[in-house]
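Asker: fold the following, please.
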Amino acid sequence: MAEPRLRILQVMRAPVGGLFRHVADLTRELAASGHAVGLVVDSLANDAQTEGKLAALLPHASLGIHRLPMPRVLGRADLKTPFTVRRLARSLDIDVMHGHGAKGGFYARLARLGGGKTVALYTPHGGVLHFSRSSLSGRVFHMLERALMARTGAIIFESAYARATYSALIGTPTCPTEVIHNGLAPDEFVPVRPAENAADFVFVGELRGLKGIHVLVDALVAVTRPDGTPATLVMAGDGPSRSALEAQIMGLGLGDRLHLLGAQPARPTFAKGRIAVVPSLAESLPYVVLEAAAARLPVIATRVGGIPEIFGPTSDSLVPADNAEALRAAMQAALDDQPATEAEMQARLAHIESHFSLATMAGGIETLYRSVLARA
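Answerer: Numbers count the residues shown, from 1 in each chain. Below is the predicted model of the structure:
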């Protein structure tokens, strides 16, 4: 006998970045499995790009996309929106509310005040973990996290790193938890072939210090190809550190070896380099590492956040963050021993194919929904 289809409400604040990609992927996969899905999103900060993303997702959201005020930090709307979400969930006969990020998680769980058959699950996506204990907002959010444990059917972490960080910052969860990694679609595993004039290395990400961009530029200086010519790099992205980065490139005399492409989609940009470099100083579970590895690029990355989980059996090759010399050595080794670089890429690809697919991600989350409902 087939299991009953579920009515699911995904709650998030802003449809941007990796959080939105996760929710969009999950919505499409759940809808394809026959479930009815709706979304609650913020009405305060929408722009043309946001509206375009939501319009593309609407055909998969049979329960509609509902816009409610969700201030980024604490605001007046926080006193009303959870109760609006509760009324919406009851009117739509929702089985599962799944909150994403700090605000989505709070609203989904606060909406359970007063009881009812709906269960609430929560994925932090970093969210509350980014608030410092020393700030007023941080102390309030962390207090709310602890208070809402009793109303949480389960917390889903996208990495073991995120679960450990949550426990250290908030406290050990008193509700069930599960690590379910983000996943990639089948077409993201199609190889990307380097262009004939591809650079030796490619970086895709926001141009800000936390992404390790200045460390990468320092490391490039002394990297050479096997024939002794200087190695080259292209960087796609934009951000607050662009001016400082341009000054660094000029000061080091790298203008003919390093080209800034501006903001570009990741997958087409991978063809402009032969080896991806992710020199981040901090991360959670970055999609760019998954995407580059699935596209069959060798990847050099730092040992931060959940990246070791992505690298799996190849994690010994990760380099320490904020260490230009270690990064330079890894970049040089990748050019000097191309057979070893290729073999490592293939081993990493096999690990990602078996652990980071959309089907695995959505299937794991659906199973958890049913498990929480069975206990309710």
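Asker: where are the low-confidence patches of the chain?
Answerer: 1-2, 15-16, 45-49, 114-115, 126-134, 136-137 (pLDDT under 70).
Asker: those strands in it, which residues are they?
Answerer: In the chain, strands defined by DSSP state E lie at 7-11, 36-42, 65-68, 96-100, 119-123, 154-157, 177-179, 199-204, 233-236, 258-262, 273-278, 299-301, listed in chain order.
Asker: export the ones you listed to TSV and tack on distance to Met250 and mean neighbour count?
Answerer: In short, each C-beta sits where N, CA and C put it, glycine included. What follows is the strands of the chain, written out as TSV (distance: least, C-beta to C-beta, whole Å; neighbours: other C-beta atoms under 10 Å):
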stretch	distance to Met250	mean neighbour count
strand 7-11	46	26
strand 36-42	40	23
strand 65-68	45	16
strand 96-100	41	28
strand 119-123	42	27
strand 154-157	42	23
strand 177-179	44	17
strand 199-204	18	24
strand 233-236	14	23
strand 258-262	10	16
strand 273-278	20	24
strand 299-301	24	26
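Asker: I'd say Ala108 and Val119 touch.
Answerer: No. Ala108 lies out of contact with Val119 (C-beta atoms under 8 Å); the separation is 9.7 Å.
Asker: overlap in contacts of the two?
Answerer: Met97 (C-beta atoms under 8 Å, 6 or more residues apart in numbering).
Asker: for Ala301, which residues count as its bridge partners?
Answerer: Counting by DSSP bridges, Ala301 forms beta bridges with Val278.
Asker: so it makes contact with Ile307?
Answerer: Yes. Applying C-beta under 8 Å, one finds Ala301 in contact with Ile307, separated by 5.2 Å.
Asker: what touches both of those two?
Answerer: 278, 280, 289, 318.
Asker: on that earlier part again, so which of the strands of the chain gets nearest Gly17?
Answerer: strand 96-100 (11.1 Å; C-beta to C-beta).
Asker: pull the closest one out as PDB, backbone CA atoms only.
Answerer: Taking Å, rounded to 0.1, in the frame of the first residue of the first chain, the C-alpha atoms of strand 96-100 are listed here in PDB:
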ATOM      1  CA  VAL A  96       4.800  19.300   8.100                       C
ATOM      2  CA  MET A  97       6.200  22.700   8.500                       C
ATOM      3  CA  HIS A  98       9.900  22.900   7.700                       C
ATOM      4  CA  GLY A  99      11.700  26.100   8.800                       C
ATOM      5  CA  HIS A 100      15.000  27.100   7.100                       C
END
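Asker: list the contacts of it.
Answerer: With C-beta under 8 Å, 6+ apart, strand 96-100 has contacts from 6-12, 19, 22-23, 85, 89, 105-109, 111-112, 118-123, 125, 365, 369, 372-373.
Asker: swap in 6 Å and give it another go.
Answerer: 6, 8-12, 19, 23, 89, 105, 108, 118-123, 125, 369 (C-beta atoms under 6 Å, 6 or more residues apart in numbering).
Asker: next: stretch 270-284.
Answerer: 126, 162, 192, 194-195, 198-203, 210-212, 215-216, 234, 289, 292, 295, 297-302, 304-306, 321-322, 327, 334.
Asker: ok, back up a step: list just the nearest of the shared contacts of Ala301 and Ile307 to Ala168.
Answerer: Ser280 (19.8 Å).
Asker: among the strands of the chain, which is nearest Met345?
Answerer: Here strand 299-301 is closest among the strands of the chain (C-beta to C-beta), at 7.5 Å.
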